[in-house]
Each structure stands twice: as C-alpha cells, then as structure tokens.
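Novice: Next one to model:
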Amino acid sequence: MSQLSTSISKIFGIIFVRSQDGTRLYSKYYPQLFPKNLLRVPEGVITNIDVQKQFEHNVWEKGKRVGARLTKGSETEIFQYCQFNIVMKAFNEVHLFVLGDFEENEIILSQVINGIYESLNHITKDHINKKTLLENFDQVIIIIDEICDQGIIITIDPSVIIARVTMRDTEAITLDKQETSGSSGGAFSSVFASAKRTFASQFMGSG
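Specialist: All right, here's what the predicted structure looks like:
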C-alpha cells in the first residue's frame, strides 16, 4: 500500500472518449502519485501516448458492455479494469471515465464524476455533447483543475467548482484584454487559441 493512499483521496486519470468508437477526445493522467507497477497495463506503460489511446479504447469497450443499461448522464456505472476502479457516465456522443486504484473508495470516485457532470451540465446548459464541450473547452479544463490538483482531490462540490470556474473565466478575459492592449500583443489569447486548436483536433479529427 502506498503511503499517500492512507491519507488523501486521489485519482489516476480522467478520460473523455467518443461514444461511437471509443476514440480519445481528451484525457489527463496523474501517474506521479502512484507506484511504478500501477503504470504497467496490458497495453504497455501508461505514460506512452499510443498506449494511453489503446488503453482508453479498451476501457470504453468494457464500459460499453457493463454499462449498456445507462440511458442518461445522471446514471453512473462502476467497474474494474486491470488494476483500476473506474466510474463511468455516458452522455450524448461522449463517455466519461474517472480512474482510481483499487485502494480508492468507489464512493469518492463517484462523487468526483458527479462533480464533473454537474459542472459540465451548468456550463453547457444541460446539453453535454462533443460540440458543447469543444465550445467550452477552457471551462472544461478549469473544472478538471479545480476538482483535483495533480491527481489529489480538492473539491467535489459542484457549486464550489462552478463558482471558481466563473471567477477564473472572468479573470482570464480581463487578462486577455490587458495583454491585447499592451506590448505583449495578446499572448494569453495566442496560447489559448493554440490549446483550443489541439483540443479541437482531438474532438473533430476522427470524424
């Protein structure tokens, strides 16, 4: 048992894939919190991007089988794959997975995915799909960052998450305006646009 797992709640990763074929839309992993033996999965070493994509597809395959009964995003399915406890939600066009190790409480993982779901519902006005996630890319990233810091769970309260997303989004707009009017020539806007293009290619590149 790792020392960290006795004192804090943590997640191994958050994965968004296309419901149609299990292709990656967006994912974020936190391998630094876990022992090296946890990083090896049947597909290879999880820190490799190609391994991650195959791993995500296989997680989706199993999730699709065990969660066939899911009909709406408010429902959650829990299952195991390799050395991970996984919770899953299925939206229109999108499957969402939150991964923890076997030591992590499934209730905590369920609360994390519910926090993401409620926050996404708020920013998309109850229309979570591939298009609205792309349109709200910056807020999706902020939601994930507010829920956990490098994998350590900070908050699972949707009202707290939404308040912080709103605050940080306002601060970003203010910063962007300041930099655009200054000598930097809109550095914030440029960096954000680049990140959004990368995100868009993941969302739209596979059809």
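Novice: from here on, contacts and neighbour counts on C-alpha atoms
Specialist: OK.
Novice: For this structure, just list every one of the strands.
Specialist: 13-18, 24-29, 40-41, 44-45, 77-81, 84-90, 94-101, 148-149, 152-153 (DSSP state E).
Novice: Would you reformat the ones you listed as TSV and include mean pLDDT?
Specialist: Formatted as TSV, the strands of the chain follow (pLDDT from 0 to 100):
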stretch	mean pLDDT
strand 13-18	94
strand 24-29	92
strand 40-41	92
strand 44-45	94
strand 77-81	92
strand 84-90	94
strand 94-101	94
strand 148-149	91
strand 152-153	93
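Novice: Let me have the ones you listed in TSV, adding mean neighbour count as columns.
Specialist: Listed next are the strands of the chain as TSV, based on neighbours: other CA atoms under 10 Å:
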stretch	mean neighbour count
strand 13-18	22
strand 24-29	19
strand 40-41	16
strand 44-45	16
strand 77-81	17
strand 84-90	24
strand 94-101	24
strand 148-149	16
strand 152-153	18
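Novice: Can I get the ones you listed in TSV including distance to residue 124?
Specialist: Converted to TSV, these look like this (distance: least, CA to CA, whole Å):
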stretch	distance to residue 124
strand 13-18	16
strand 24-29	17
strand 40-41	34
strand 44-45	35
strand 77-81	22
strand 84-90	15
strand 94-101	14
strand 148-149	21
strand 152-153	23
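Novice: can you tell me which of these comes nearest to residue 139?
Specialist: For residue 139, the closest of those is strand 24-29, at 13.3 Å, according to CA to CA.
Novice: Tell me the strands beside the closest one, with direction?
Specialist: strand 13-18 (antiparallel) (DSSP bridges).
Novice: May I have the strand it pairs with exported as PDB, CA atoms only?
Specialist: The C-alpha trace of strand 13-18 is given here as PDB (Å, rounded to 0.1, in the frame of the first residue of the first chain):
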ATOM      1  CA  GLY A  13      -6.900   9.800 -14.600                       C
ATOM      2  CA  ILE A  14      -9.900  11.400 -16.300                       C
ATOM      3  CA  ILE A  15     -10.900  10.300 -19.800                       C
ATOM      4  CA  PHE A  16     -13.400  11.600 -22.400                       C
ATOM      5  CA  VAL A  17     -13.900   9.300 -25.400                       C
ATOM      6  CA  ARG A  18     -16.400   9.300 -28.300                       C
END
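Novice: Now for residue 31: which residues touch it?
Specialist: Residue 31 sits next to 12, 39, 47 when contact means CA atoms under 8 Å, 6 or more residues apart in numbering.
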